[in-house]
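Colleague: Task: produce atomic coordinates for the following.
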Amino acid sequence: MIRSLLYIWALIFFISALGSCSKASEDVLMPQQCDTVGMKYSRDILPIIAANCYSCHANGIVNGDVSLDGYANLKIQAGNGNLIGVITHANGYPPMPDNGGKLSDCEINKIKAWIAGGAGQE
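Modeller: Coordinates of the predicted model:
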């Protein structure tokens with residue numbers, strides 16, 4: 001009787017362990033690749049900036065004398081090094097997004113690749 005109960009518990013444990021090997025577990029073990037080839041302002045960079053920066057630096061809101069509204073304003077911050085400094089939380093730069101944590105490594109790498117590629121508008 002006890003042996004049967006042990007087998008049942010072992011079977012339940014085994015089935016539970018199999019269920020934990022899901023797609024979510026794979027993502028932790030094998031992180032998704034971050035494609036940084038051919039970064040485009042409107043397709044790749046603007047969505048990151050809009051989602052993380054526009055609440056404080058666009059649509060007429062100019063915190064810290066920085067507006068990221070539109071390509072020309074973002075290009076200024078990319079060109080003078082401020083954009084990379086703030087999003088990487090480098091020493092001497094205020095960490096951004098403010099009160100929002102840090103951008104993902106992939107998002108930062110996309111912005112770096114865009115700048116390295118000339119920070120073009122298209």
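Colleague: Next secondary structure after the lowest-mean-pLDDT helix or strand in the chain?
Modeller: Each helix and strand of the chain was given a mean pLDDT (mean pLDDT, DSSP states H and E); the minimum falls on helix 23-29 at a mean of 50. With elements assigned by DSSP states H and E, the helix or strand that comes after helix 23-29 is helix 46-52.
Colleague: Show me what that following helix is packed up against.
Modeller: helix 105-116 (3 or more CB pairs under 8 Å, 6 or more residues apart in numbering; DSSP states H and E). The way it works is simple: take the backbone N, C-alpha and C, and place the C-beta from them, glycine included.
Colleague: Off-centre distance for the helix it packs on?
Modeller: 10 Å (CA atoms, centre = their mean, to the nearest Å).
Colleague: so what does it touch, helix or strand wise?
Modeller: helix 46-52, helix 71-79, helix 82-87.
Colleague: Tell me if I'm right that residue 66 and residue 57 touch.
Modeller: Yes - checked against CB atoms under 8 Å, the pair residue 66 and residue 57 is within contact range at 5.3 Å.
Colleague: So which residue is dead centre in the chain?
Modeller: residue 104 (2.6 Å; CA atoms, centre = their mean).
Colleague: Just want to check the distance between that one and residue 32.
Modeller: For residue 104, the distance to residue 32 (CB to CB, to the nearest Å) stands at 10 Å.
Colleague: likewise residue 121?
Modeller: Counting by CB to CB, the gap from residue 121 to residue 32 is 28 Å.
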